[in-house]
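> Mind looking at a prediction? Sequence and model below.
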Amino acid sequence: MLSLRSITKRYGALTALDQVSLEIGPGEFFGLLGPNGAGKSTLMSLVSGLRSPDAGRVAVDGAPVSPADAASRVAIGLVPQSIALYQELSAEQNLRIFGELYGLRGALLRERIAEGLAAVQLTERRREPVKHYSGGMQRRLNLIAALLHRPKLLLCDEPTVGVDPQSRNAIFDYLTALNRAGLTIIYSTHYMEEATRLCPRIAVIDHGRIHALGTLDELLTRLPFEEEIGFPATADTAPLAAQLADAGTVLTADGRHRFQPRPDFRLSAFYQRAESLGLPPRLFTAARPTLEAVFLHLTGRNLRE
Amino acid sequence: MRAVVTLVRKDLANFLRNRASVSLTFLVPIALIYIFGWVFGLNQKDTGPVGIGLGLVDASGNPAAQKLVDALRADPAFRLITTVDQPGGTPRPLTEADLRPMIHDGRFRFAVVLPKDLIRTDSIGLHLQILSDPRNEIETQMVNGLLQKAIFSNVPELLGQSLQYRAKQYLGEERFQRFNRGIAETVTTAFGGDTTKVQHEIESGGLGLREVTSANPPAPRPADPSLRRIDTPAPAAAPAPGNAVVKPGGEDFFKRLVKIDQEQVVGKDVRSPLATRLVGGWAIMFLLFAVSGASAAFFDEQNAGLFQRLLSAPVTRAQLLWSRFLYGVILGLIQLTALFIAGRVLYGIDVFGHISNLLIVCTFAAAACASFGMFIAAVTPNAQAASGLSTFLVMVMSATGGAWYPMSLMPEFMQRIGKFTVVYWSMEGFAQVLWAGSSLAGLLPILGVLAGITIGVMAISIWRLNRKAIFE
């Protein structure tokens, strides 16, 4: 469906994307995970034909995509990061404008608008100006506006920024249903929970390069440990955290330590040290590592940096 | 109190960070004051009109009339036009028949004819003709004043000729010659000189004193302190007894001697002259403000990410830019139409009598203004800067283009600058339609200039917008 070959994009001295290659098959729900400034939006803009790469080739269904070729963008739908809607106009008016730009007219356009509004529960408020909608409602409309022309490939650039949990779940459910119906989706986010929940295959991107690519399980195998141990960060546990520095990595956040052991370190040794310091076993929880750990391991920095 | 101080400091910091606000507050007003100073003549010593085109036809064949022609030529208020280019390019002298069409076409707005009967035969005095297109009332009043001043100050010899002519008719040839001879002898007896030359001068309309004074120039007399230039303030003086107001009678006397036929060549059938004169300038100024506001919407779309959405559809940048331009033209056309209809309803301006040509000029003017809006969006980084620059440019163009003040009263270089503005050419177009009732063919030069402005400004704007990251 989508093929990126050795894509490079620079903004002056900054290399936003560096030799990025990617193949995404039809019907995939593909995650693009990286912190702000990693190059996700640049990649999205190249795939949607808003910009041209300085080097490399972008193709959808084998056809090159470029800003100069307007027709090449018909197969693509873009959900921008910002709420790209005319605030003074109603939902219906917005959708009519965007639908007409894709060549939809008459009964077909009316039908698509009605379907879209119903899918995101906005039918009853379709004639109100968008500026009167809640953030979540605007986000849902933002999504629908990219789907009227029934694209083969949907690009979602952080589509849930600033959305309440209820609306986020509604968007997730809708996207999942669309994907099940055969739509190929590329979903860019810096929330590992979203990538984990939605995307069977994920690319970890940072500083314009793809550091890892695969399913969640495949990515987790890149880690040198299978489990990490969490415990509270208190004065009692501080000596243990200090002792563990030679046995692996200790991360501290939100009042908790997370110990990620080196491959040669046995967990039995961990518990022996804890016992010798008088710390009861109930303080410790073993957990499967997350994508965040993978990201940290691969890039040396946190997703939220 | 501490909170108030902190909040004020916050406002100041915000303000100083915003270069557009700082320049709007300080630099733009100072620049405007300086430019308006030139427009309204505050920077000049002589604030009179400059370079007003004045057609002149001397059909009198009278050598004494040359003095009046020379005086008009020497007056900086006028740019004397006495010839017209023939099809081959060689100029020929203007004739009276040329004047009316040329005034109608806007080549110049005033003309003086010194007719064959410059020296009146029915009574003592002169006969002149002034043709005008009083498109601008202030300018017309000033020009009439200047022309009358020039005529009254340079006609003594012509009046003398008129007197001689009437005396000859009244006395008969022989007694007339004897009369002149008698005066010449009296003059030469009193002041010396050659009697024949003095008589000849008297017969040419002079008083015979030129021949005398050229030989024995009189010593200058001390100025009469009661006389002063009319443009200098009167010295404080004791009120006249009984506060009597003394009216100068000289002007009326001269007006009886010099018969000036005034002919309004253009606009004499206009029903609401004052409103028709003003409506074009105001309309184009409001239009410029409207399209400038529309240019700010460009930045709103950019900030909302709408360009991303639009350009991810099968839409090109060129389509986006031209649609914005077309929107500006439509908006401008609707606004101008509404303003002119309001002018019809409120002031009785004859809009519907010229509706087709008016709509054509409105379309070209709206296109030129829309290109101006695109230019603002192209050269400014954000909506605030666009608002500041457009306010500045609209005011400058309105002032220099003649929307507020007659251009002929501005210095020449300001007049030249004014002719590069959309305001000037749009106003010319409206005036040619509503005031002069021009045909479409007569409007073509103005429409050509407006189209040229549109094409030139749009080319620069599209080039700049394509280089800008506004779409990314």
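Thanks, I have the structure now.
> What residue in the stretch 1-150 of chain A comes nearest to chain B?
For the stretch 1-150 of chain A, the residue closest to chain B is A:Ser82, as judged by CB to the nearest CB, at 3.4 Å. Bear in mind the C-beta positions are built from the backbone N, C-alpha and C, glycine included.
> who's in contact with that residue?
B:Ala304, B:Gly305, B:Gln308 (CB atoms under 8 Å, 6 or more residues apart in numbering or on different chains).
> My guess is the first one contacts A:Glu88. True?
By that I understand B:Ala304. No: contact status for B:Ala304 versus A:Glu88: not in contact, 11.3 Å apart, counting by CB atoms under 8 Å.
> more neighbours, those two?
Between B:Ala304 and A:Glu88, counting by other CB atoms under 10 Å in any protein chain shown, B:Ala304 is the more crowded of the two (17 against 10).
> Keep only those of the contacts of A:Ser82 that are in helices.
The helices, defined by DSSP state H, take in B:Gln308 from these.
> B:Phe286 touches B:Leu339, doesn't it?
Yes: the pair B:Phe286 and B:Leu339 passes the contact test of CB under 8 Å, sitting 6.7 Å apart.
> per-domain residue ranges of chain B.
Taking automatic domain parsing as the reference, chain B has its domains at B:42-215+B:252-266, B:273-471.
> quick one: is the longest one near chain A?
Going back to what we said before, that points to domain B:273-471. Yes: for domain B:273-471, a contact with chain A is found by CB under 8 Å from any CB of the partner chain, at B:304-306, B:308-317, B:471.
> Out of those residues, which one has the weakest pLDDT?
The member of those with the lowest pLDDT is B:Phe471, at 65.
> What's opposite the spatially most central residue of chain A in the beta bridge?
Nearest residue to the geometric centre of chain A (CA atoms, centre = their mean): A:Thr189, 2.5 Å. Residues in a beta bridge with A:Thr189, per DSSP bridges, are A:Leu33.
> Local confidence estimate at it?
pLDDT at A:Thr189 comes out at 89.
> Which residues lie in contact with it in this structure?
A:Gly31, A:Leu32, A:Leu33, A:Glu158, A:Thr160, A:Ala195.
> tally of neighbours for the third one?
For A:Leu33, the tally of surrounding residues (other CB under 10 Å) stands at 29.
> My understanding was that it contacts A:Arg201; is that so?
No: in this structure A:Leu33 lies outside contact range of A:Arg201 using CB under 8 Å: 10.9 Å.
> so is A:Thr234 in a helix, a strand, or just coil?
coil (DSSP: H, G, I helix; E, B strand; the rest coil).
> now it: how far from chain B?
39 Å (CB to the nearest CB, to the nearest Å).
> And for that residue, the neighbour number?
The burial count for A:Thr234: 13, using other CB under 10 Å.
> residue boundaries of the helices in the stretch 1-150 of chain B?
Along the stretch 1-150 of chain B, the stretches classed as helices by DSSP state H, counting those that start in this stretch are B:2-17, B:19-22, B:28-39, B:65-74, B:96-104, B:137-153.
> related to what we said a few turns ago, looking at the contacts of A:Ser82, which one is closest to chain A?
So of the contacts of A:Ser82, ranked by how close each gets to chain A (CB to the nearest CB), first place is B:Gly305, at 3.4 Å.
> sorry, back to before: are any of the residues of domain B:273-471 next to chain A buried, and which?
Neighbour counting with 16 or more other CB atoms under 10 Å in any protein chain shown marks B:304-306, B:308-315, B:317, B:471 as buried within these.
> Just send those residues back as a markdown table, with distance to B:Ile260 too.
Shown next, in a markdown table, are these (distance: CB to CB, whole Å):
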| residue | distance to B:Ile260 |
| --- | --- |
| B:Ala304 | 66 |
| B:Gly305 | 69 |
| B:Leu306 | 65 |
| B:Gln308 | 70 |
| B:Arg309 | 69 |
| B:Leu310 | 65 |
| B:Leu311 | 67 |
| B:Ser312 | 72 |
| B:Ala313 | 70 |
| B:Pro314 | 70 |
| B:Val315 | 65 |
| B:Arg317 | 62 |
| B:Phe471 | 64 |
